[in-house]
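Asker: I'll drop the sequence and a predicted model, then ask my questions.
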Amino acid sequence: MPAAKRKIFVCSCEKTMPVDGDALARVLEGEIISGNQLCGSELDRVRRGLESPGEVLIACTYQAPLFSEVAEELRPDEPPLFANIREMAGWSAQAQAATPKMAALLAAAAEPMPPVQVTTLESKGVALIYGADESAIEAGRKLAGQLDITVVLTPGAQAAPLLNGEFPVFCGKVRNAKGWLGAYDITIDGFAIPAPSSRGQLKFGAARDGATSHCDVLIDLSGGQPLFPGTDLRAGYLRADPRDRAAMERVLTAAAQLSGAFDKPRYIDFRAELCAHSRSNITGCTRCIDLCPAGAITPGGDHVSISAEICAGCGSCAAACPTGAASYALPPADALMRRMRAMLNAYHAAGGTGAALLLHDGEHGEELIAALARFGDGLPAHVIPLRVNEITQVGPETIAAAFAWGAGGLHLLARQKPKHDLANAHRIVETANRILAGLGFGQSLVSVIETDDPDALGARLAAAPLAVKIKQVAGFDARGGKRGLLETAFRELHRAAPAPVSVIALDKGAPFGGVTLDTAGCTLCHACVTACPTGALSDYPDKPMLRFSESLCVQCGLCQSTCPEKVIRIEPRVDFDAWQAGVKTLKEEEPYPCVKCGKPFGARASVERVVTKLQEKHWMFSGANQGRIDLIRMCEDCRTETVINEGFDPHAAPQRPPVMTTEDYIKARERNGKDLLN
């Protein structure tokens, strides 16, 4: 039985914007149902659509609560989808040209998104208030009826004793704090309890260091340095300056709500086996650790560890991760890219040209775009807004794919004072612009727009340059992991480029590039192969050989740090020909023939290097034993046979001088002193 046809309801919102239902029907899959007041006099049309089978998409977010209420009555297990074509497209000075953008917004809304995975944080309401004066006691009194309160005052704090001991008050300085909502561990030095006989001011007894406290909520009113990086990003940690009464009230109101179970999105998917952080205690990639504003990422051996409980969801780690070990999950990169592809395909199919994508978050971006639509000229007709969770989640694979699919520009909309550090976003944008310019697309096509002014946003978008028309829009679908998507997107971008070149040099720290090898100094020891976390460097089982796949290189530098001969250097760049070519041989040698049986084994450079280091320099191969150096030149079988037949004792080393003790040194010094006197 064929699936029921999708029904798409589009409304002119009381004829305040033009809606061309016929043009949309030619582009979109589904039945277009147009109206002028679908939330009012024409609501029955929506009701009938919800009563019949098939997916329903309603092009109105303003009255989404009303439509959802109706849908809950008629189809509780299949809620409708929503798209905003009013503020995002129709309410604009260029509304007559906005039909392609409407098609793009509707196509994107119909693209399925995977469900959000969550981590549950549980709080029993045990709260510790850390303060420097009477305000901490005052805060404790306000929260005592809602939370289980303990107050810790910093040494030297002046506070009157409580009348009835309604909650405990101690003295101490927090040395260390770790954890998250429901699981904070605090270490306190100078910990002291108050004397029961305290009269005018609290008097504290003997202090001790290293006291520990466990709490669910940590309220910092000390007025000193924050206890955690990213002060506002850690769930359950609330901080305010005690001199700011308004901030104090906001913190206390928020703290009162922090009792119970809370579902927190899992922002990052992490695959430890792909991580290039470290090998053999040598540190390689630290991009995610350096970027995390919340301190959620820590070293964990060969890979990093990411705490889902602490992670604030900025996505900078996923955007910067070169291997795809850390990938954003809200939504995953491939799902976001499929939505982008559907959007651009519909836009082009409806006759649109020169599309510029505007990636924005929900809290700031939607409000700013709505303000521009309600009080200004609205977005230009060629600017297509696409909501993401955080603009800092956007990586180079998403930008490259957008231009391969025919985008003419891409902009990230941020606050004037961003919630998350944008340093990595600016680096990604700079790298993207260099690659696009190198391939002939044009200059400054990708940007970060930091503004809270809707008119300034409109002016920036209207003046932004657009890319040169590409040869052919790419047709690839976005499926798979982040690194695979990056490789595909870059290859397709190069194929679509107006003026393709083979190599584009990049700055240090870029997540892709090549290696240069001093072949004369390389002994094919393959230490670099063992260290390489992505398999970009590889050996060959049947012949001494070092091979390299540039498309797999993430510039972690582990090969360079591990190489005992120091003959490897990483080189940040994009070499499109090398990406297409696959595996390249950097050095190869004929296997070294065993001097006894002739069987090939090992690499000539490695064998001769060992011979050079040991000959006449080690007791086993010097003096009367110098003939034994041929053991190094033998295969494993011949070496074993020769050692057994000759009765070679590997433990017959010359007598070592005895170990000198402290007593021996003292006696020697005394003896030398007597010699001097004589």
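Answerer: It's in. Numbers count the residues shown, from 1 in each chain.
Asker: mind giving me the domain ranges of this protein?
Answerer: 1-82, 120-263, 266-328, 333-500, 513-588 (automatic domain parsing).
Asker: CSV please, covering the ones you listed and showing mean neighbour count and mean pLDDT.
Answerer: C-betas here are computed from N, CA, C, even on glycine. CSV is the format used below for these (neighbours: other C-beta atoms under 10 Å; pLDDT from 0 to 100):
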stretch, mean neighbour count, mean pLDDT
domain 1-82, 16, 94
domain 120-263, 17, 94
domain 266-328, 21, 95
domain 333-500, 20, 96
domain 513-588, 18, 93
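Asker: Any chance of those in TSV with distance to residue 657 as columns?
Answerer: What follows is the domains of the chain, written out as TSV (distance: least, C-beta to C-beta, whole Å):
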stretch	distance to residue 657
domain 1-82	84
domain 120-263	47
domain 266-328	33
domain 333-500	56
domain 513-588	30
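Asker: closest to residue 641 out of these?
Answerer: Closest approach to residue 641 among those is made by domain 513-588 (23.7 Å; C-beta to C-beta).
Asker: what's the span of that closest one from first residue to last?
Answerer: 22 Å (C-alpha to C-alpha, to the nearest Å).
Asker: And for stretch 522-537?
Answerer: 14 Å.
Asker: what's in contact with it?
Answerer: 274-276, 279-280, 282, 284, 302, 323, 515, 538-539, 544-550, 552-554, 556, 558-559, 561-565, 567-568, 586-587, 589, 603, 605-606, 609 (C-beta atoms under 8 Å, 6 or more residues apart in numbering).
Asker: The stretch 151-300 of the chain: helices as residue ranges?
Answerer: With DSSP state H, counting those that start in this stretch as the criterion, the stretch 151-300 of the chain has helices at 245-256, 287-291.
Asker: Would you format these as a markdown table with distance to residue 25 included?
Answerer: A markdown table is the format used below for the helices of the stretch 151-300 of the chain (distance: least, C-beta to C-beta, whole Å):
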| stretch | distance to residue 25 |
| --- | --- |
| helix 245-256 | 49 |
| helix 287-291 | 46 |
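Asker: Can you say which of those helices is nearest to residue 232?
Answerer: helix 245-256 (10.8 Å).
Asker: if I look at residue 276, how far off is residue 533?
Answerer: Remark: distance between residue 276 and residue 533 (C-beta to C-beta, to the nearest Å) = 4 Å.
Asker: what about residue 483, which helix or strand?
Answerer: Using DSSP states H and E, residue 483 maps to helix 482-496.
Asker: quick one: that helix to chain centroid distance?
Answerer: Put simply, helix 482-496 sits 19 Å off its chain's centre (C-alpha atoms, centre = their mean, to the nearest Å).
Asker: The chain should start at 25 in everything you say after this.
Answerer: Happy to do that; since the first residue is 25 now, the last one works out to helix 506-520.
Asker: excluding its backbone neighbours, what's nearest residue 110?
Answerer: Among residues not flanking residue 110 along the chain, residue 37 sits closest, at 5.5 Å (C-beta to C-beta, 6 or more residues apart in numbering).
Asker: right, and the one you found touches residue 114 too?
Answerer: Yes: assessed by C-beta atoms under 8 Å, residue 37 is found in contact with residue 114 at 7.2 Å.
Asker: Quick one: classify the residue nearest to residue 110 as helix, strand or coil.
Answerer: Secondary structure, DSSP: H, G, I helix; E, B strand; the rest coil: residue 37 is coil.
Asker: Out of the helices of the stretch 175-324 of the chain, which is closest to residue 127?
Answerer: When these are compared for distance to residue 127 using C-beta to C-beta, the nearest one is helix 311-315, at 36.9 Å.
Asker: list the helices and strands the closest one packs on?
Answerer: Counting contacts by 3 or more C-beta pairs under 8 Å, 6 or more residues apart in numbering; DSSP states H and E, helix 311-315 packs against strand 321-324, strand 327-330, helix 340-344.
Asker: Now with 6 Å, please.
Answerer: Helices and strands touching helix 311-315, by 3 or more C-beta pairs under 6 Å, 6 or more residues apart in numbering; DSSP states H and E, are helix 340-344.
Asker: Does anything pack onto the helix it packs on? Which helices or strands?
Answerer: Applying 3+ C-beta pairs under 6 Å, 6+ apart, one finds that helix 340-344 makes contact with helix 311-315, strand 350-352.
Asker: could you list every residue that touches the closest residue to residue 445 other than its chain neighbours?
Answerer: Once flanking residues are discounted, residue 445 sits nearest to residue 317: 5.7 Å by C-beta to C-beta, 6+ apart. The contact partners of residue 317, taken as C-beta atoms under 6 Å, 6 or more residues apart in numbering, are 254, 444, 445.
Asker: what about the second one, is that helix, strand or coil?
Answerer: Look at residue 444: counting by three-state DSSP, its state is coil.
Asker: That one against residue 336, yeah?
Answerer: No: at 7.6 Å, residue 444 and residue 336 do not qualify as touching, with contact defined as C-beta atoms under 6 Å.
Asker: if you go through the stretch 275-424 of the chain in chain order, where are the strands?
Answerer: Assigned by DSSP state E, counting those that start in this stretch, the stretch 275-424 of the chain shows strands spanning 284-289, 292-294, 302-303, 306-307, 321-324, 327-330, 350-352, 380-384, 407-411.
Asker: Nearest to residue 230 among these would be which one?
Answerer: Nearest to residue 230, of all those, is strand 321-324, at 35.6 Å by C-beta to C-beta.
Asker: Which elements pack onto the closest one?
Answerer: The elements that strand 321-324 packs onto, with contact taken as 3+ C-beta pairs under 6 Å, 6+ apart, are strand 327-330.
Asker: Check which strands are paired with the strand it packs on and give the direction for each one.
Answerer: Note on strand 327-330: by DSSP bridges, its sheet partners are strand 321-324 (antiparallel).
Asker: Identify the residues contacting the partner strand?
Answerer: Here strand 321-324 makes contact (C-beta under 6 Å, 6+ apart) with 312, 313, 328, 329, 330.
Asker: Distance to residue 105 for those - can I get that in CSV?
Answerer: CSV is the format used below for the contacts of strand 321-324 (distance: C-beta to C-beta, whole Å):
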residue, distance to residue 105
312, 34
313, 39
328, 37
329, 37
330, 32
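Asker: which of these lies closest to residue 280?
Answerer: Closest to residue 280, out of all of the contacts of strand 321-324 and judged by C-beta to C-beta, is residue 330, at 30.3 Å.
Asker: Specify the beta-bridge partners of the closest one.
Answerer: Beta-bridge partners, per DSSP bridges, of residue 330: residue 321.
Asker: from memory it sits against residue 294, does it?
Answerer: Yes: with contact defined as C-beta under 6 Å, residue 330 counts as touching residue 294 (5.0 Å).
Asker: which neighbours do those two share?
Answerer: Counting by C-beta under 6 Å, 6+ apart, nothing touches both residue 330 and residue 294.
Asker: Quick check: the gap between residue 62 and residue 370.
Answerer: Distance of residue 62 to residue 370, computed by C-beta to C-beta: 21 Å.
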